[in-house]
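K.L.:
this one's structure only:
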């Protein structure tokens, strides 16, 4: 059974950068498409970017286009979310999601990002 653990969330000033990690255990992440989502206070969960098993990336949210990138390191069984030029409206809990037609859907517990001066 795949388990996902996000890390790297922190308090950062506007304009700053953070790199979030989504580490997998119990199964290989390279069998899954991985997506990053976020949920801001009082709002629904929003899909941001995803990366396929072959490394193709898709940006789902215009608000992060050009600022956020997703990558995967299969040797480390980890997927990353690089976030640059952070804005206060990026404040949210960030989640990773793993999807496979064979192995189902899995979520991590989330990591908090706060963008504030």
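P.N.:
Nice, I can see it. All values reported here derive from a predicted model rather than from experimental measurement. Numbers count the residues shown, from 1 in each chain.

K.L.:
Show the contacting residues for residue 91.
P.N.:
By Cβ atoms under 8 Å, 6 or more residues apart in numbering, the contact set of residue 91 is 40, 41, 113, 114, 115, 116. Heads up, the C-betas are built off the backbone N, CA and C, glycines and all.

K.L.:
Buried among the residues you listed? Make that a PyMOL selection.
P.N.:
Here is the PyMOL selection string for the buried members of those, based on 16 or more other Cβ atoms under 10 Å:
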select buried, resi 113+115
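
K.L.:
Name the nearest residue to residue 85, ignoring sequence neighbours.
P.N.:
residue 67 (4.8 Å; Cβ to Cβ, 6 or more residues apart in numbering).

K.L.:
per-residue confidence for that neighbour?
P.N.:
Here, the pLDDT recorded for residue 67 equals 98.

K.L.:
now the helix or strand bottoming out on mean pLDDT in the chain, how far from the chain's geometric center?
P.N.:
Taking mean pLDDT, DSSP states H and E as the measure, the helix or strand of the chain with the lowest value is strand 57-59, at a mean of 92. A distance of 12 Å separates the centroid of the chain from that of strand 57-59, by Cα atoms, centre = their mean, to the nearest Å.

K.L.:
May I ask which helix or strand encompasses the most centrally placed residue in the chain?
P.N.:
For the chain, the residue nearest the mean C-alpha position is residue 36 (3.1 Å; Cα atoms, centre = their mean). Secondary structure from DSSP states H and E places residue 36 in strand 33-39.

K.L.:
Can you give the strand pairings for that strand, parallel or anti for each?
P.N.:
With DSSP bridges as the criterion, the sheet partners recorded for strand 33-39 are strand 45-51 (antiparallel), strand 92-100 (antiparallel).
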